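> Provided below are the primary sequence and the corresponding predicted coordinates.
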Amino acid sequence: MEITTSSDSIPSKMKAWVYSQHGKPVDVLKLNLDVNVPQLEADQVLIKVVAAGLNPVDFQRMLGMFIETDSPLPIVPGYDVAGVVVKVGSKVKIFKEGDEVYGNINEKGLDHPKRFGTSAEYTAAEEKLLALKPKNLSFVEAAAVPVVIGTAYEGLQKTGLSAGQSILVLGGAGGVGTMVIQLAKHVFGASKVAATSSSSKLELLRSLGADLAIDYTKDNFEDFPEKFDVVYDAVGQSERAVKAIKEGGRVVTIKPVGAVTPPAFRFILTSSGAMLEKLNPFLENGKVKPVIDPKGTFPFSQIPEALSYLQTGRVTGKIVIHPIP
């Protein structure tokens, strides 16, 4: 894919999806053809966005779930990006014009995330939040990775999962769940990976490395005699999850709001390019693969519809926006 990377050819205005009030994506998100291309800070690069991943945090933020810690409106949504560097700030050391990069552009997920996200033709991001795109991944595949692989990896780290231990993943077919299964198996060396999903997605769980695929429509995982060293709760069921751990076991949940049942704990992702660099070899050797929903690639013109589909909670893996004008 050829993309002009001369900084001379960067326009001053761009197309971007913007919301100026909180509400449902289809109601509040508007396409603006006249948005200023972001100005760079010294430690940032300007990226021509080729593909952008969407995550539940995008519509949760739009609905006003994080107003206390959010940035002021209007906001261009989007965390995940894959694209080409077209300009670099004066203090940038690693990247140069023409580099193909990917990353999550918001370092602290819910603490004043950027007003200019990735649902636009261009976005700016700090160099330390980005990594070179894995060579074997397309831009679409790469855009599906950063938020979910980061959330999966950091959550597993915080539980202390180590080689030879067992783990149960709640919501194994979702964006984060598909990554937790693969990382637990191939990066952390779990001896047994169990995961829950609906009946139609059990085969996907097995293909990703789950040793035990549990149909949550038929079985209550907390009633199983077998207990686990770690439960990774990607759906917000900590009150059930704590019943599935061994004595001294650990439960991590990524549900952003509401009560969490001890000893379960919640965490919010901190984005970093170094973490992506560390995991790039697993993506490049094919041990860890992005999972994109069967109808999960939407054109730029359909971002509101893509977010509405994501809101149903039925998405397998990730949704990606491509092409972007």
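Good, I have the coordinates.

> okay, now the domains of the chain?
With domains defined by automatic domain parsing, the chain comprises 7-145+290-321, 148-266.

> Format those domains as a markdown table; extra columns: mean neighbour count and mean pLDDT.
In short, each C-beta sits where N, CA and C put it, glycine included. As requested, these are exported to a markdown table (neighbours: other C-beta atoms under 10 Å; pLDDT from 0 to 100):
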| stretch | mean neighbour count | mean pLDDT |
| --- | --- | --- |
| domain 7-145+290-321 | 20 | 97 |
| domain 148-266 | 20 | 97 |
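
> okay if I get those as JSON lines plus distance to Leu283?
Below are the domains of the chain laid out as JSON lines (distance: least, C-beta to C-beta, whole Å):
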{"stretch": "domain 7-145+290-321", "distance to Leu283": "4"}
{"stretch": "domain 148-266", "distance to Leu283": "8"}
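
> distance of the closest residue to Asp111 other than its chain neighbours from Ile303?
By the measure of C-beta to C-beta, 6 or more residues apart in numbering, the closest residue to Asp111 outside its immediate chain neighbours is Thr69, 5.4 Å from it. Per C-beta to C-beta, to the nearest Å, Thr69 is found 23 Å from Ile303.

> Run through the residues that contact Phe265.
Counting by C-beta atoms under 8 Å, 6 or more residues apart in numbering, Phe265 makes contact with Lys158, Val251, Val252, Thr253.

> where's the first one, which helix or strand?
Assessed by DSSP states H and E, Lys158 sits inside helix 146-159.

> what does the second one give?
Secondary structure assigned from DSSP H and E places Val251 in strand 245-253.

> That strand: partners in the sheet, and parallel or antiparallel?
Strand 245-253 has its sheet partners listed here by DSSP bridges as strand 228-233 (parallel), strand 265-266 (parallel).

> hmm, back to that, next structured bit after the helix holding Lys158?
Next helix or strand after helix 146-159 toward the C-terminus (DSSP H and E): strand 166-170.

> Show residues contacting that next one.
Residues contacting strand 166-170 (C-beta under 8 Å, 6+ apart): 161, 177, 180-181, 184, 190-196, 210, 221, 228-235, 237, 241, 244.

> For the next helix or strand along the chain from that strand, which outside residues touch it?
Using DSSP H and E, the helix or strand that directly follows strand 166-170 along the chain is helix 175-186. By C-beta under 8 Å, 6+ apart, the residues outside helix 175-186 that reach it are 55-56, 144, 147-149, 151-153, 155-156, 161, 167, 169-172, 190, 193, 195, 197, 204-205, 208-210, 232, 234, 254, 279, 282, 287-289, 291, 315-318.

> rerun at 7 Å
With C-beta atoms under 7 Å, 6 or more residues apart in numbering as the test, helix 175-186 has contacts from 55, 148-149, 151-153, 156, 161, 167, 169, 171-172, 190, 193, 195, 205, 208-210, 232, 234, 254, 282, 287-288, 291, 317-318.

> Beyond that helix, next helix or strand please.
With DSSP H and E, the next secondary element past helix 175-186 is strand 192-197.

> For that next one, name the packing helices and strands.
For strand 192-197, the elements it packs on are strand 166-170, helix 175-186, strand 212-215, judged by 3 or more C-beta pairs under 7 Å, 6 or more residues apart in numbering; DSSP states H and E.

> give the contact list for Gly78.
Gly78 makes contact with Ala52, Asp58, Gly117, Thr118, Ser119 under the criterion C-beta under 7 Å, 6+ apart.

> contacting residues for the nearest residue to Asn106 once chain neighbours are set aside?
Excluding the flanking residues, the one nearest Asn106 by C-beta to C-beta, 6+ apart is Pro113, at 4.0 Å. For Pro113, the contacting residues are Asp70, Ser71, Asn106, by C-beta under 7 Å, 6+ apart.

> isn't there a helix covering Pro113?
No: the assignment for Pro113, made by DSSP: H, G, I helix; E, B strand; the rest coil, is coil rather than a helix.

> residue ranges for the strands of the stretch 1-150 of the chain, please.
Secondary structure of the stretch 1-150 of the chain (DSSP state E, counting those that start in this stretch): strands at 13-19, 29-36, 44-54, 80-88, 100-104, 122-126, 130-132.

> closest to Leu310 out of those strands?
With C-beta to C-beta as the measure, strand 44-54 is the member of the strands of the stretch 1-150 of the chain nearest Leu310 (5.7 Å).

> Could you look up the SS state of Lys243?
Under three-state DSSP, Lys243 comes out as helix.

> separation between it and Ala264?
Using C-beta to C-beta, we find Lys243 at a distance of 11 Å from Ala264.

> In this structure Leu63 contacts His22, no?
Yes: with contact defined as C-beta atoms under 7 Å, Leu63 reaches His22; the gap is 6.2 Å.

> where do the contact lists of those two overlap?
Counting by C-beta under 7 Å, 6+ apart, Leu63 and His22 have no shared contacts at all.
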